[in-house]
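In: Predicted model and sequence follow; I will ask about them next.
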Amino acid sequence: MNQRELMLSGKIYDPNDPELLELRIKAHKLSFEYNATPETEMKKRQEIMEELIGELGENVYLQGPIQFDYGCFTSIGERTYANFNLTILDTCPVKIGNDVFIGPNVSILTPMHPLRWQDRNTYYREDGVLTDKEYGKPVTIGDNVWIAGNVTICGGVTIGNGSVIGAGSVVIKDIPSDCLAAGNPCQVIRKITEHDA
């Protein structure tokens, strides 16, 4: 397996691999261009999103500013909206469904590092390049989910269809469908029913 394949499969990989560096630089440049483009220039912003994001549904609106680590490993479904300051670090696949509402200052973070500093700290490769050991875990967000402001979603998490994640939550484990969940760590509070507004 090459370093890209190792990364996407959740295995330890070298983030300073030349192919991965090139992909990150491209995504950072496109994120910068998107953020510098006024929202009135809808056609240009759409073109940037189409080049940046791996799979992009129709009528997606990202308010901006945005920051993607790779972008090409993210898929966003139709009619999804994200408010200010969306950050997606997609070292593993990030899948966002249709009709998802994302509040301001939301971070979706797939990268992981070894817990032991002896395995985590930077080191020099044989070719003299300073690097470290990383791995990742994917994130899946179902259809019709609302993620309120200042939420952090960590790697390895699946959020089920129709669920709501309360403001300021840190999501470190799966949330089932049709639930209201909140807190740090995020926990299910109750099911959402037809009696809810």
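Out: Yes, it's here. Numbers count the residues shown, from 1 in each chain.
In: Would you confirm that Lys44 belongs to a strand?
Out: No. Under the criterion used here (DSSP: H, G, I helix; E, B strand; the rest coil), Lys44 is helix, not part of a strand.
In: Can we start the residue count at 15 from this point?
Out: Noted, 15 is the first residue going forward, which turns the last one into Lys58.
In: buried stuff in stretch 15-28?
Out: When burial is assessed from 16 or more other Cβ atoms under 10 Å, stretch 15-28 yields the following buried residues: 17, 20-22, 24, 27-28. Just so you know, the C-beta spots here come from the backbone N, C-alpha and C atoms, and that holds for glycine as well.
In: An error on my part: the question was meant for stretch 167-181.
Out: Neighbour-count burial for stretch 167-181 [16+ other Cβ under 10 Å]: 167-180.
In: Mind listing the residues bridging to Phe82?
Out: Following DSSP bridges, Phe82 is listed with bridge partners Ile102.
In: Can you name the residues that contact it?
Out: Listed by Cβ atoms under 8 Å, 6 or more residues apart in numbering, the contact set of Phe82 reads 41-42, 44-45, 66-67, 88, 101-104.
In: Give me the distance between it and Lys40.
Out: For Phe82, the distance to Lys40 equals 10 Å [Cβ to Cβ, to the nearest Å].
In: hmm, back to that, among the buried residues of stretch 15-28, name the ones in strands.
Out: Judged by DSSP state E, strands contain none of the buried residues of stretch 15-28.
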